[in-house]
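Participant: my questions concern the predicted model and sequence given below.
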Amino acid sequence: MAVDQNIKMEFAQRASQTFEVKEVSSGLTFLCRDDETVLCAAQRAGVGLAYECSVGGCGSCKVELIEGEVEELSLEAPGLRARERDKGKRLGCQVIPKSNCKVRFKPDYYYRPAIPPKKFKARFLGSTTVTHDIREFRFSGDDAPAFKPGQYAMVFLPGLSSHRPYSLSNIDGPEREWRFMVRHVLNGKGTDVLFNRLSHGQEVVIDGPYSTAYLRPEIDRDIVLIGGGSGLAPMVSILKGVAANPSMQNRSVIFYYGARSPNDIFSTDILGAAADRCKFVPAVSDALSEHGRNWNGAKGFIHDVVAAEIGTDASAFEYYMAGPPPMIDAVRRKLILDLQVPVEQLHYDRFF
């Protein structure tokens, strides 16, 4: 088995110190190692620091640094404006404490982890093709924690200095497999490792699970899934979670998937037996493309397709969605402003 020396270092040497982080308004205190961010430490401690993407893009995890020294992973993360930085704001997902710190944010029960995330080693088992540019990568770790359908993890790949967030595409089980559907990005360092350089049995470090956009079986509404691009992964995970849950057998599911052309549409074979649990509606936005001229399915942007199909019944559903920020923002506007769906019925991850 190939074991990357950088991965060994991650566990054996980096976490040499632990610091105390105190949220001054509530008095909540948690410990943070010097190899993890304030956001990760808060999640591990069960503290509800708001977040979404974990990579500095959304700006949800802003904290005010009152006292202490921190290292910032990125000074150019788009989730924080220069004037906010000047006022002492920092992104919880981008700061690592170098001393005891005092910070200010508003703890929110909604963001307390359903399952505290854990960092563990996992072996690469292999991959399978999903579309022309998406593959599903399989990993197994003996110390892997449980996870909920729809969550994501941060993967530390060999030779890279920072993590990559990838959404899980399977459901938790005794085999302790964590599967991720990943789109190949041109010149992407992470996808280059995954698609071209990772060998069978090689070890990576995975930190998870994260995300509040996980399946909620206790909510007694029919379900709408909306995915775009590699936002396919958490929607597949949620669908499989519905299919495996006896208490949800009477729940109907509509699965909308937005793609640029028919070439980007996946085969429902990847859903396995869960394919029978949903009505699948793929939509193509560029029907005039070379691959789209003979497309006989839904055409247009996915938010318009969803609105046209569901119409006045929109508030009867619970929504789970994942994909690029413009897609998610367009869907949210359509559902909330035009179709009067309550905000609390929407659960989403934007892929920055």
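Facilitator: Done, it's in.

Participant: low pLDDT regions in this protein?
Facilitator: The model of the chain has pLDDT under 70 over residues 1-15, 287-292.

Participant: and the helices in this structure?
Facilitator: Assigned by DSSP state H, the helices in the chain fall at 5-12, 38-44, 82-86, 189-192, 232-244, 302-310, 325-333.

Participant: now the residue nearest to the spatial centre of the chain. Nearest residue, chain neighbours left out?
Facilitator: Centroid-nearest residue in the chain, with Cα atoms, centre = their mean: residue 152, separated by 3.9 Å. Leaving aside its chain neighbours, residue 152 sits nearest to residue 167 (4.3 Å; criterion: Cβ to Cβ, 6 or more residues apart in numbering). Heads up, the C-betas are built off the backbone N, CA and C, glycines and all.

Participant: do the same with residue 178
Facilitator: residue 139 (4.9 Å).

Participant: if that neighbour is in a bridge, with which residues?
Facilitator: Beta-bridge pairing of residue 139 under DSSP bridges involves residue 124, residue 178.

Participant: show me what contacts it?
Facilitator: Neighbouring residues of residue 139 by Cβ atoms under 8 Å, 6 or more residues apart in numbering: 122, 123, 124, 125, 177, 178, 179, 180, 204, 206.

Participant: do the same with residue 109
Facilitator: Residues in contact with residue 109 (Cβ under 8 Å, 6+ apart) are residue 48.

Participant: same thing with residue 155?
Facilitator: 163, 164, 165, 166, 180, 190, 204, 205, 206, 207.

Participant: let me know the closest of those to residue 271.
Facilitator: residue 180 (16.2 Å; Cβ to Cβ).

Participant: that closest one touches residue 167, doesn't it?
Facilitator: Yes - counting by Cβ atoms under 8 Å, residue 180 touches residue 167, with 6.6 Å between them.

Participant: still on that earlier bit, ok, the residue nearest to the centre of the chain - contacts?
Facilitator: Contacts of residue 152 (Cβ under 8 Å, 6+ apart): 54, 165, 166, 167, 168, 208, 209, 210, 211, 234, 349.

Participant: what about it, distance to residue 185?
Facilitator: 16 Å (Cβ to Cβ, to the nearest Å).

Participant: quick one: residues contacting residue 329.
Facilitator: By Cβ under 8 Å, 6+ apart, residue 329 lies in contact with residue 350.

Participant: if I look at it, how far off is residue 58?
Facilitator: 11 Å.

Participant: between the two, what contacts are shared?
Facilitator: residue 350.

Participant: what count of nearby residues applies to the closest residue to residue 205 other than its chain neighbours?
Facilitator: With Cβ to Cβ, 6+ apart as the criterion, residue 205 has its nearest non-adjacent residue at 3.9 Å, and that residue is residue 156. Neighbourhood size, residue 156 [other Cβ atoms under 10 Å]: 19.

Participant: was I right to think residue 156 contacts residue 208?
Facilitator: No - Residue 156 is beyond contact range of residue 208, at 11.1 Å (criterion: Cβ under 8 Å).

Participant: ends of stretch 179-194, how far apart?
Facilitator: 13 Å (Cα to Cα, to the nearest Å).

Participant: stretch 140-158 too?
Facilitator: 16 Å.

Participant: name the residues of it that are buried.
Facilitator: 141, 144-145, 147-158 (16 or more other Cβ atoms under 10 Å).

Participant: strands of the stretch 51-200 of the chain, residue ranges please.
Facilitator: Taking DSSP state E, counting those that start in this stretch, the strands of the stretch 51-200 of the chain run over residues 62-67, 70-72, 89-91, 95-97, 101-104, 118-129, 134-140, 152-156, 164-167, 177-183.

Participant: residue 322 and residue 269, how far apart?
Facilitator: When Cβ to Cβ is applied, the distance between residue 322 and residue 269 equals 21 Å.
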